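Provided below are the primary sequence and the corresponding predicted coordinates.
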Amino acid sequence: MTRELPLFPLQTVLFPGGPLNLRIFEPRYLDMVARVLRGDNRFGVVAIRAGSEVGAADTFTVGTTAEIVDWHQSDGLLAITAAGRESFRIEHASREPDGLYVGRVTLLAEPPASPVPAEHAKLARLLETLLAQLPSYPNAAPAYDDATWVGARLAGLLPLTLALKQALLEIRDPLARLDRIAACLRVESSLA
C-alpha cells in the first residue's frame, strides 16, 4: 500500500511497537503535529544518514510510521508520545518551503509472530531483565516467546550504533534479526 506521509528525520531508529518521546519546538513540526492530529494521526520517522534534525537531512529509505498516543504543552514546547506502527520504504521524498519533508511511501508487511528458537532463549531472558529495570516502558503485553517482538524490542533498547539499528530495522526476517543481535552481543562480550 502506497501513501503520502509527513516525515520526521531523527537521530534515532523507531521500530514497530516501540515508544518515541519528542519535544517539539520548530514551527514546521508543530504544524505537522496539528495536521496529523486532525487527520489519520500518523507521521513517518526516518533515521538521518547525514545532516541534522534542525536543518537539511539525508535519510535512510526505510522508516516506521508513528502514531501520537499522548501529548501536552508546557513552556512553549509540545511534548508528544508516539508509538511505532508499520515499517515503510520511501519511494519519493521532497522538502516543502517550510522545511518539512513529505514522502510517498510503501508500507511493508510486518512479519508474522514466530517462536523464539531455543538458541535465542537467552535474548528473550535478556529483554525480560532489561524491561524489568524500565517499569515505565510503554508497551502492550510482553511477548517473550515471539521472535518479531523480542528482536524489535532488543534492537530499540540496546546501545547499538544508529547504522546497526537501521540495518536491524531493514531485516524483514525475525530470526535473521535475532541472529544479527546475538552476533553483535557475542562480539561485544569478547571485547570486554
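Done, it's in. Here the structure is a predicted model, which is why all the values come from computation and not from measurement.

when you work out contacts or count neighbours from here on, use the C-alpha atoms and nothing else.
Fine.

which ones are touching Asp179?
His120 (CA atoms under 8 Å, 6 or more residues apart in numbering).

quick check: it is in a helix.
Yes: under DSSP: H, G, I helix; E, B strand; the rest coil, Asp179 sits within a helix.

sheet partners, orientation included, of the longest strand seen in the chain?
When the chain is parsed with DSSP state E, its longest strand is strand 77-95. With DSSP bridges as the test, strand 77-95 is paired with strand 19-24 (antiparallel), strand 62-74 (antiparallel), strand 101-107 (antiparallel).

quick one: buried residues of the shortest one?
By neighbour count on 16 or more other CA atoms under 10 Å, the buried set for strand 19-24 is Pro19, Leu20, Ile24.

got it, and the second one?
Neighbour counts using 16+ other CA under 10 Å place Val62, Gly63, Thr64, Thr65, Ala66, Glu67, Ile68 of strand 62-74 among the buried residues.

how about the helix or strand of the chain with the lowest mean pLDDT: buried residues?
Every helix and strand of the chain was ranked by mean pLDDT, DSSP states H and E. The lowest is helix 174-191, at a mean of 86. For helix 174-191, burial by neighbour count (16+ other CA under 10 Å) applies to Pro174, Leu175, Arg177, Leu178, Asp179, Arg180, Ile181, Ala182.

repeat for stretch 151-163
Those would be Gly151, Ala152, Arg153, Leu154, Ala155, Gly156, for stretch 151-163 by 16+ other CA under 10 Å.

let me see the contact set for the fifth one.
By that I understand Ala155. Lys165, Leu168, Ile181.

the host helix or strand of it vs helix 174-191, what angle?
Using DSSP states H and E, Ala155 falls within helix 147-157. Comparing the axes of helix 147-157 and helix 174-191 via axes from the mean of the first three to the mean of the last three CA atoms, to 10 degrees yields an angle of 40 degrees.
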